[in-house]
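Participant: attaching a predicted model along with its sequence, questions to come.
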Amino acid sequence: MLRLDDLQLLVRTADLGSLSAAARLLDISPAVASAALKRLEQQLQARLFARSTRSLRLTPEGELFLEHARLALQNLEDGRQRLAGSQAGIGGLLQLSAPSDFGRNTLLPWLDEFQRGHPQLRVRLLLGDRVSDLFREPVDIALRYGAPEDSSLVALPLAADNRRVLCASPDYLARHGEPQTVEQLAGHNCLRYMLGGRLHEHWRFQSGKREQSLTVAGDRVSDDADVARRWAVAGAGLVYKSWLDLAGDVQAGRLKVLLPQWRGEATPLNLICAHRAQLSKPVHLLREFVQARCAELLAQAPWHG
């Protein structure tokens, strides 16, 4: 295996045009430097320098290998700096917005954990289901379901595999029965919510190449998606929402997944910002942290069972 100090010697010797000068720079004796260079040439089975009593120049093989040696040393230094940076503390103010349900019930405890690991970091969290104007509102990033309509925004995936799931509480199912087909949803009280002024009442499902959809109805609508989830937990009807929003209730037994043979609509979660300049170190670390937590929840999703 090639030694790091031998590669450093090669690069320094090529830069200085002198083995003895490179030895002085690296604080080793000329004899040690000469032995290191011979060792490297033996391992590569190639002559790297053409030597004379007055000059030292790279051979064609040396020129070729020098590029790779420089790149290897630079990659190692880049890795060292990134590691040092990831271990250093982060601070300042991180301003973000998130959907009401995901923000309150899933993201909030994750942020608590993230701040415990970075106690110098301050967080300003805005919750709501309307799309934030990232050019005007005082936020650095937004967590949102689906791709942004504005193509000028930067969108980075957090949970690309996330989907909606159909759920109801055990109490509701005990009183009204469990639907066995998509068509039977027409006979149930479906809890709806509005996003951006648009009512989400057209529910789509997929099983293999088959697709089914229907427009549902019910006695309750809210402009806050978290309210629809709370209504479902209270036994008021069926809810069709992101798995990331409902996973905790399903795992706790407060809700049950219905029609598991049908996949709900894809609803990827993305981190969105107005400019790549806003992807600061705290933002990158938070993205990695949230991605990992989302992956844990998605591993338990019904379509992975």
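Facilitator: Everything's here; your move. Just so it is clear, the structure is predicted and the values come from calculations on it, not from any experiment. Residues are numbered from 1 along each chain as shown.
Participant: can you tell me the distance between the two ends of stretch 233-246?
Facilitator: The first residue of stretch 233-246 is 10 Å away from its last residue (CA to CA, to the nearest Å).
Participant: ok now it, how far from the chain's centre?
Facilitator: The gap between the average C-alpha position of stretch 233-246 and the chain average comes to 25 Å, counting by CA atoms, centre = their mean, to the nearest Å.
Participant: after the lowest-mean-pLDDT helix or strand in the chain, which helix or strand is next?
Facilitator: Confidence across the helices and strands of the chain bottoms out at helix 60-87, with a mean of 77, counting by mean pLDDT, DSSP states H and E. The C-terminal neighbour of helix 60-87 among helices and strands, as given by DSSP states H and E, is strand 92-98.
Participant: who touches that following strand?
Facilitator: The list of residues contacting strand 92-98 from outside it, by CB atoms under 8 Å, 6 or more residues apart in numbering, reads 103, 107, 120-128, 132, 137-144, 282-283, 286. C-betas here are computed from N, CA, C, even on glycine.
Participant: just checking: what are the partner strands of that strand?
Facilitator: Strands that pair with strand 92-98, judged by DSSP bridges, come out as strand 121-127 (parallel), strand 141-145 (parallel).
Participant: got the phi and psi for the spatially closest residue to Thr106 that is not a sequence neighbour?
Facilitator: What sits nearest to Thr106 in space, not counting adjacent residues and going by CB to CB, 6 or more residues apart in numbering, is Leu244, at 5.8 Å. In this entry, Leu244 is assigned phi and psi values of phi -60, psi -30 (degrees, to the nearest 10).
Participant: Leu244 touches Gly103, doesn't it?
Facilitator: No: no contact is recorded between Leu244 and Gly103 when judged using CB atoms under 8 Å, the distance being 10.9 Å.
Participant: higher neighbour count, those two?
Facilitator: Between Leu244 and Gly103, counted using other CB atoms under 10 Å, the more crowded position is Leu244 (26 against 21).
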